[in-house]
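Enquirer: Just a sequence and a predicted model for now, questions to come.
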Amino acid sequence: MTNALFQPIQLGKLALKNRIVMPPMTRSRASQPGNVANQMMAEYYAQRASAGLIVAEGTQISANGQGYAWTPGIYSPEQITGWKLVTDAVHAKEGKIFAQLWHVGRVTHPDNIGGEQPISSSAHAAKNVKVFIDNGTDAPGFVDVVEPRAMTKADIEQVVGQYRQAALNAIEAGFDGIELHAANGYLINQFIDSEANLRTDEYGGSIENRLRFMAEVVAAMTDAIGADRVGVRLAPFTSLNGTVDATPVETYTAAAALLNTLNVVYIHIAEVDWDDAPETPKEFKPAVRAAYQGVLIYAGRYNSDKGAKAIEDGVTDMVGFGRPFVANPDLPNRIKNGYPLAPHDPNTLFGGTEQGLTDYIEYNPS
């Protein structure tokens, strides 16, 4: 049943050995001060290099783009050098790795961004959303987000430039490409989703206007590093971090069509994956497939059989397995051989050191 997951696939100029994706997962272990990727992170990703594609954890494009304590950045020379450790380690194991470029917008707190007020599409706080800050211990302290200020035209121009530079920095750091984080309620998503975007200028109102900021960011990055090295992550039906769209099927089918004209190398769709979550509407996946001609990746609640079937049915080209990769560094081998999957420890997901990051072992059949 799982053979479809092990067919090779071409992603732009990259030949991928299988269709299993390790999607981006925040682990909050960057070195301080400076939010620098480190040797421990390099070991973690290298252990998982048997994935067809690794998308590294969300990486802020600027100091103002950081939402949580201890997440890595990609805007300083030290951060670029830190990520080089990671990409070198993954490439030494013949893996392929993209950077996920991230600006959280309003999903932060002044304590995480040097005392500044967060920015967003609108001066509208996310409801019932908390982020964690460095409270002086190695355990995160959770605080409510604050009201952001609406971005001016100059802010928009500045952030588009930061995304462009971050894409160049990622290539300098040795990444094979980048994924724009346009999902899960962060900055790009705060423009896309109707209930978060209250603007009345050309960046608000109609679907076309709400997609404009994403399009400008993507165009800047593809111009800088080539469309064959730029993917985009979307989350059409999640209400994570307080963003909701009134017409998600319509909005995100339009997003897929727009990204098709921009020639991005893949669209990575995060499906809702919590217990009792609603299923993705049946009409959505065929609509996206019709609107977008590139590589499609879906992630969320997939096991090996369900993932293989989605590929066989032509619904997707690759499948992301998030949490299973935390505790199973050799996940592709376990899937291929039907070996059992180890459970992860939820208490060691964020912050800390090697425990719960690099100490999960490969399966030994003997």
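Expert: Nice, I can see it.
Enquirer: ranges for the helices of this protein?
Expert: When secondary structure is read from DSSP state H, the chain shows helices at 39-47, 77-92, 153-172, 187-192, 207-210, 212-225, 248-261, 284-291, 304-312, 323-327, 331-337.
Enquirer: Contacts only, for the closest residue in space to T253 that isn't next to it in sequence.
Expert: Closest residue in space to T253, ignoring its immediate chain neighbours: A287 at 4.5 Å, by CB to CB, 6 or more residues apart in numbering. C-beta here means a position set from N, CA and C on the backbone, and glycine is covered the same way. Remark: with contacts taken as CB atoms under 8 Å, 6 or more residues apart in numbering, A287 is in contact with 249, 253, 256.
Enquirer: of all those, which comes closest to E283?
Expert: Nearest to E283 among the contacts of A287, counting by CB to CB, is V249 at 6.3 Å.
Enquirer: ok so, going back, and the helices of the chain as JSON lines, adding distance to I269 and mean pLDDT?
Expert: Formatted as JSON lines, the entries for the helices of the chain read as follows, by distance: least, CB to CB, whole Å; pLDDT from 0 to 100:
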{"stretch": "helix 39-47", "distance to I269": "23", "mean pLDDT": "98"}
{"stretch": "helix 77-92", "distance to I269": "24", "mean pLDDT": "98"}
{"stretch": "helix 153-172", "distance to I269": "20", "mean pLDDT": "98"}
{"stretch": "helix 187-192", "distance to I269": "13", "mean pLDDT": "98"}
{"stretch": "helix 207-210", "distance to I269": "17", "mean pLDDT": "98"}
{"stretch": "helix 212-225", "distance to I269": "14", "mean pLDDT": "98"}
{"stretch": "helix 248-261", "distance to I269": "8", "mean pLDDT": "98"}
{"stretch": "helix 284-291", "distance to I269": "7", "mean pLDDT": "96"}
{"stretch": "helix 304-312", "distance to I269": "11", "mean pLDDT": "95"}
{"stretch": "helix 323-327", "distance to I269": "17", "mean pLDDT": "96"}
{"stretch": "helix 331-337", "distance to I269": "20", "mean pLDDT": "96"}
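Enquirer: which of these sits most buried?
Expert: Using mean count of other CB atoms under 10 Å, the stretch among those with the largest mean neighbour count is helix 187-192, at a mean of 29.
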